[in-house]
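[1] Attaching a predicted model along with its sequence, questions to come.
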Amino acid sequence: MALHKLHYFPVRSRGETLRMMLEYTKIPYANHFVTFGEWMEDKDGVRTKRYPLGPGASKATLPVLEMPDGSMTPDSHAIAKWIAETAAQKFDESDPRAHLKGESPERSEMLFGIADADPAAFGGSGVQQLGMVDPILNFFPREESEPMVGPFLSTLPRVMRWFAAELKKAGGTYFGGKYPSYADFFLLHIFTNINTLDGGATLNERIGTPSKENDPMPSNDDISALRAWYATMSSIPEVAKYMKERPQTGSGIGMADGTGVGMPNSIIVSTDTPSDLDVVKSAIGAGAAPASGA
């Protein structure tokens, strides 16, 4: 069977959502890991010649999904939508995988892009208060990322409470409704990176502590539903298998052969338990529960 090829950096960022979706929908694919050295040096035109421009981009970016015929689709959002549309044609209506667009395509689109939105639907900067977890964990050298940890974690409980309320609005087990949408897979990636960073403290404990007197507070049932969503998404067989087999924290620098994960000296490279870092403990307090899917 012809393979699709996903081109991305060897980090836990935008490619994770797409790999989990490809595994879930059983669309055959192979990974092509582009190291940051190759990208910045523009080895063999990898940055300037090989890949098409994404929507509104002035230069090539990754991820890019290469089709069996050699055509390429740039942009993680466009790729996720393509996977959802392909699955809708591939699977019977009774199969959850046929419903990755979500019961509300508008909600799916908003949630998939929420980490890039400024302002975001939760009332702050999606980049600074949500999406920043990817570079803090994977990209920046540890000496640069550690000062970012405290400010990032300080606003996270309020953001997670917003997601608990949003899940209730979706009216189902998932943000997509009755079945997982492509936005659920994106949020699973973000929540997993957060759990990797803080040991699960925010989702398991800090979410229930308002940071201000007038801070909105969802019900305990709504918070429990958000935790159950995360557990349910993490236990999807294809997802659980992928998370178990991917390079783990502390396994070394992400390489072109798929070994290791993260940029040199990033938090995910330098320690196998990021929540043990002093800067994390000082932000959340000691005794956080260990994360699942780290």
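    Cool, got the structure.

[2] Just the pLDDT at the residue minimising distance to the centre of the chain, thanks.
    For the chain, the residue nearest the mean C-alpha position is residue 189 (2.7 Å; CA atoms, centre = their mean). Residue 189 is assigned a pLDDT of 98 by the prediction.

[3] go on, residue 213?
    With respect to pLDDT, residue 213 scores 59.

[4] Flag the shaky bits of the stretch 101-250 of the chain, pLDDT-wise.
    The model of the stretch 101-250 of the chain has pLDDT under 70 over residues 211-216.

[5] ranges for the helices of it?
    105-112, 126, 133-134, 142-170, 182-198, 201-204, 220-234, 237-245 (DSSP state H, counting those that start in this stretch).

[6] Go through those helices and pick out the most buried.
    Among the helices of the stretch 101-250 of the chain, ranked by average contacts under mean count of other CB atoms under 10 Å, first place goes to helix 182-198 (a mean of 26). The C-beta positions use only the backbone N, C-alpha and C, and glycine is treated the same way.

[7] okay, the angle between that one and helix 220-234?
    100 degrees (axes from the mean of the first three to the mean of the last three CA atoms, to 10 degrees).

[8] residues in contact with the closest residue to residue 161 other than its chain neighbours?
    Nearest residue to residue 161, sequence neighbours excluded (CB to CB, 6 or more residues apart in numbering): residue 218, at 5.5 Å. Neighbouring residues of residue 218 by CB atoms under 8 Å, 6 or more residues apart in numbering: 161, 164, 165, 168.

[9] coming back round to it: pretty sure the residue nearest to the centre of the chain contacts residue 17?
    Yes - if you go by CB atoms under 8 Å, residue 189 and residue 17 touch, sitting 4.7 Å apart.

[10] host element of residue 32?
    Secondary structure from DSSP states H and E places residue 32 in strand 29-33.

[11] hmm, who's touching that strand?
    Under CB under 8 Å, 6+ apart, the answer for strand 29-33 is 3-10, 19, 22, 65-66, 254-258.

[12] Just the buried residues from the residues you listed, in ChimeraX please.
    Listed next is the ChimeraX selection for buried residues among these, using 16 or more other CB atoms under 10 Å:
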select :4,6,7,8,9,10,19,22,65,66,254
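
[13] The contacts of strand 29-33 in strands, which ones?
    4, 5, 6, 7, 8, 65, 66 (DSSP state E).

[14] neighbours around the closest residue in space to residue 281 that isn't next to it in sequence, how many?
    In this structure, residue 281 finds its nearest non-sequential neighbour in residue 275, 7.5 Å apart by CB to CB, 6+ apart. Neighbourhood size, residue 275 [other CB atoms under 10 Å]: 21.

[15] Tell me how far residue 275 lies from residue 35.
    Taking CB to CB, to the nearest Å as the measure, residue 275 and residue 35 are separated by 27 Å.

[16] Then residue 200?
    Taking CB to CB, one finds residue 200 at 31 Å from residue 35.

[17] Tell me which of those two has more neighbours.
    Remark: of residue 200 and residue 35, residue 200 carries more neighbours, 24 against 18, as counted by other CB under 10 Å.

[18] how about the more buried one, phi and psi?
    As for residue 200, its main-chain torsions (degrees, to the nearest 10) stand at phi 90, psi 10.

[19] Would you confirm that residue 81 belongs to a strand?
    No - going by DSSP: H, G, I helix; E, B strand; the rest coil, the assignment for residue 81 is helix, not a strand.

[20] doesn't residue 182 make contact with it?
    Yes - Residue 81 lies in contact with residue 182 (CB under 8 Å); the separation is 6.9 Å.

[21] Spit out the residues that contact those two alike.
    Taking CB under 8 Å, 6+ apart as the contact rule, residue 81 and residue 182 both touch residue 101.

[22] No further questions, thank you.
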